[in-house]
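What follows is a protein structure lacking sequence information:
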């Protein structure tokens, strides 16, 4: 989902591993990084699958429970740029190990939460490492595989996040249904410990991975076009989370199916996201605007159908796949445009990409919860996503009118 965001950063890495023994372990290094991205993705999306479980356990209503999901998103939004800047001088290996330690602690605290307040704080802590992890991972992946291959290597690392939407989140939901929602977070924390061990064993110990100044990158934040594209992403992509957050209630309460179908619905959504990402990646390089127009435009049609006819089980399940696919068609184009707007700041732009997508997470979960809490019914969350994506499409129309046309990527 996010590999396009870091291609420029991978290309900007100008030091590469010359130790042949370490190069021979490149596969293990990439696996360790991918395992970390799998852990992060599972933690983020699992909360949506077990929303009903911790809501009932902590005796809070469904709209209020979405604040825990919003807190995670804010952790990413705040942590992505701030940790990236604060840790600029740290060795990337040391940074990745520290980030995974924070991630494990956040998930343990999530499992021990006694109320919405403590759960929200724990989820915030869990989200803080995400953006910096992917940024540092891009550097290590590029360093270990050599020049010209960093983008492809990091795409393999990011496959862990994609697999999390197809396998990790459904399995975590299944675990929560059968062993309790707290054990979902304990399991994710245990997986994080395994990831930290893999990073410690297989990440290279090299001074070449020491950090450096990113003062030059800060100048990119003065570009209005960067903030406009973040607004497009935050509004347009939010419908993913307005829908994904409430998949559990859609399955059990709207179409009256057993909770056992929730992991299947989550997996279908994840498969749709994967298919859309593959298509969107091809479109992004060839057509610098078409991916967003096609993705958002198709998504509003699908969202309207699901919101209107989602009480029919086949329509709901097919619609979940299609929502994931259409929205993910747009995301690579957003990321490519954002990175190309500030080529001098690939590290910070990667972090800002993460921040924008998690603002979308926060907005989508909040808007869906607000609609449901207003007594408009569960499927009103889909209408909330419809309105947000329509706003995102309108914002992008303004971007196109006010900016020079981008040439296709070479």
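Looks like it arrived, so ask away. Please read all numbers here as calculations on a predicted model, not as lab measurements.

hey, which helix or strand in the protein has the poorest pLDDT?
helix 7-12 (a mean of 65; mean pLDDT, DSSP states H and E).

Sketch out the low-pLDDT regions of the stretch 51-200 of the chain for me.
147-152, 154 (pLDDT under 70).

all helices of it, in order?
Ranges of helices within the stretch 51-200 of the chain are 51-57, 62-86, 92-111, 116-127, 130-145, 150-163, 169-179, 181-202, based on DSSP state H, counting those that start in this stretch.

Determine the set of other helices and strands touching the longest one.
Other helices and strands packing on helix 62-86, by 3 or more CB pairs under 8 Å, 6 or more residues apart in numbering; DSSP states H and E, are helix 26-49, helix 51-57, helix 116-127, helix 130-145, helix 346-373. Any C-beta I mention is one placed from the backbone N, CA and C, and that applies to glycine too.

Would you mind giving the secondary structure of residue 231?
Secondary structure, DSSP: H, G, I helix; E, B strand; the rest coil: residue 231 is helix.

which residues touch it?
Residue 231 makes contacts with residue 395, as judged by CB atoms under 8 Å, 6 or more residues apart in numbering.

any idea how far it lies from residue 367?
Going from residue 231 to residue 367 by CB to CB, to the nearest Å gives 15 Å.

got it, and residue 130?
22 Å.

okay, the two: which has more neighbours?
For residue 130 versus residue 367, the count of surrounding residues by other CB atoms under 10 Å is larger for residue 130: 30 against 23.

my guess is residue 106 contacts residue 121, does it?
No: applying CB atoms under 8 Å as the test, residue 106 and residue 121 come out as separate, 9.1 Å apart.

could I get the helices of the stretch 51-200 of the chain as JSON lines with distance to residue 308?
Output for the helices of the stretch 51-200 of the chain, formatted as JSON lines (distance: least, CB to CB, whole Å):
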{"stretch": "helix 51-57", "distance to residue 308": "23"}
{"stretch": "helix 62-86", "distance to residue 308": "22"}
{"stretch": "helix 92-111", "distance to residue 308": "36"}
{"stretch": "helix 116-127", "distance to residue 308": "32"}
{"stretch": "helix 130-145", "distance to residue 308": "35"}
{"stretch": "helix 150-163", "distance to residue 308": "30"}
{"stretch": "helix 169-179", "distance to residue 308": "26"}
{"stretch": "helix 181-202", "distance to residue 308": "32"}
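
Deepest in the core, which of those is it.
Comparing the helices of the stretch 51-200 of the chain by mean neighbour count (mean count of other CB atoms under 10 Å), helix 130-145 ranks first with a mean of 28.

Just want the angle from it to helix 92-111.
Relative orientation of helix 130-145 and helix 92-111, computed by axes from the mean of the first three to the mean of the last three CA atoms, to 10 degrees: 140 degrees.

Tell me the helices and strands packed up against helix 130-145.
helix 7-12, helix 26-49, helix 62-86, helix 92-111, helix 150-163, helix 346-373.

For residue 221, find the nearest of those.
helix 346-373 (7.5 Å; CB to CB).

Now do that closest one: which elements does it pack against?
Packing partners of helix 346-373 (3+ CB pairs under 8 Å, 6+ apart): helix 7-12, helix 62-86, helix 130-145, helix 215-218, helix 224-236, helix 238-244, helix 313-341, helix 380-402.
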